[in-house]
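Q: here is a sequence with its predicted model. Questions after.
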Amino acid sequence: MLARLRETKLLLPTLMVAVALPLLTWLGFWQLDRLAWKESLLQAIADRSTSAPVPIRQALDQAAGHMPGGWGDLEYKHVSMRGRFLNDKEMYLYAPSLEIGPGFQVFTPFVLAEAGETLIVNRGFVPEQFKDPASRAQGQIAGETDVAGLIRLPGQHARFVPDNDPKANLWFWRDFDGMIAASYPANAEPAKLIPLFVDAEGAAPGGWPRGGTTLLALPNRHLEYAMTWFGLAVALAAIYILYAIQRINPPRPSDDRA
């Protein structure tokens with residue numbers, strides 16, 4: 001068999017196909033596994049985000065004591081809380097709107113009334129002309145207030161996302177530690193921190209900031225990717241078979257004799 005492969009110059013192509021075909025097939029099944037995981041995640045997000053809000057302390061206690069995934073199971077959880085905004089510590093994450101144009105999401109430290117713990121609330125979107133708090137004074141809520149929204153975990157700096165610029169108070173990704181450090185003088189950070197964000201829903205008094213900025217439609221192209229890998233595997237097998245047939249049974253030269 002080996003000699004026959006050498007004779008027909010099929011040894012190298014056969015070895016290459018023997019490696020590539022299982023790899024392409026494995027990649028296809030791996031994407032199907034990813035598809036099942038993504039569909040489960042999307043269903044969990046839908047369940048958490050559309051359920052009735054629960055007090056944030058209850059959600060945190062459940063995550064600490066009962067949820068096997070830890071705080072990861074809090075992502076997109078619908079919660080309610082009472083506390084006060086530290087309006088003088090607003091931060092601005094660049095987030096242009098396709099409908100409105102340039103603008104920012106307003107991130108504000110929020111001190112919970114019950115235990116004095118501090119987290120950060122994404123109060124929502126403001127157009128560029130309303131970035132200055134003075135232009136939306138009605139939305140600068142003083143004193144205790146109730147907030148409902150979706151829990152978000154701290155983000156990670158993606159490769160093509162610009163660096164945050166704390167000195168200019170310009171942010172491009174959810175850096176909880178960086179935002180807290182920029183909001184407080186050195187060694188003056190709150191003793192009780194909850195390293196979470198809450199994306200507020202609804203609009204503030206006066207209309208700005210406008211909450212409800214959470215994107216729930218996560219991309220899910222794993223079935224497309226799986227079909228691509230399986231398609232490549234089928235195409236490779238077909239090309240190899242056709243090539244092998246030509247090498248093993250080459251076409252005979254035509255007989256031009258009269």
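A: Everything's here; your move. Residues are numbered from 1 along each chain as shown.

Q: middle-most residue in the protein, spatially?
A: Leu218 (7.1 Å; Cα atoms, centre = their mean).

Q: excluding its backbone neighbours, what's nearest that one?
A: Leu42 (6.3 Å; Cβ to Cβ, 6 or more residues apart in numbering). For every residue, glycine as well, the C-beta is placed using N, CA and C.

Q: doesn't Asn220 make contact with that neighbour?
A: Yes: between Leu42 and Asn220 a contact is recorded at 6.6 Å, counting by Cβ atoms under 8 Å.

Q: can you tell me the helix or strand for the residue lying closest to Thr145 once chain neighbours are set aside?
A: Leaving aside its sequence neighbours, Thr145 sits nearest to Arg84 (Cβ to Cβ, 6+ apart; 6.8 Å). Element membership of Arg84 [criterion: DSSP states H and E] is strand 78-85.

Q: next secondary structure element downstream of that strand?
A: strand 91-94.

Q: within the sheet, what are the partner strands of the very next helix or strand once past that following strand, with directions?
A: For strand 91-94, the following helix or strand on the C-terminal side (DSSP H and E) is strand 103-112. For strand 103-112, the paired strands and their directions (DSSP bridges) are strand 78-85 (antiparallel), strand 91-94 (antiparallel), strand 118-127 (antiparallel).

Q: restricting to C-alpha, output the longest one in PDB.
A: Listed next in PDB are the C-alpha coordinates belonging to strand 118-127 (Å, rounded to 0.1, in the frame of the first residue of the first chain):
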ATOM      1  CA  THR A 118     -20.200  51.500  47.000                       C
ATOM      2  CA  LEU A 119     -20.600  50.300  43.500                       C
ATOM      3  CA  ILE A 120     -20.800  52.100  40.200                       C
ATOM      4  CA  VAL A 121     -24.100  52.800  38.300                       C
ATOM      5  CA  ASN A 122     -24.100  53.400  34.500                       C
ATOM      6  CA  ARG A 123     -26.900  56.000  34.600                       C
ATOM      7  CA  GLY A 124     -27.300  55.800  30.800                       C
ATOM      8  CA  PHE A 125     -26.600  57.800  27.600                       C
ATOM      9  CA  VAL A 126     -26.200  61.600  27.200                       C
ATOM     10  CA  PRO A 127     -25.600  63.300  23.900                       C
END
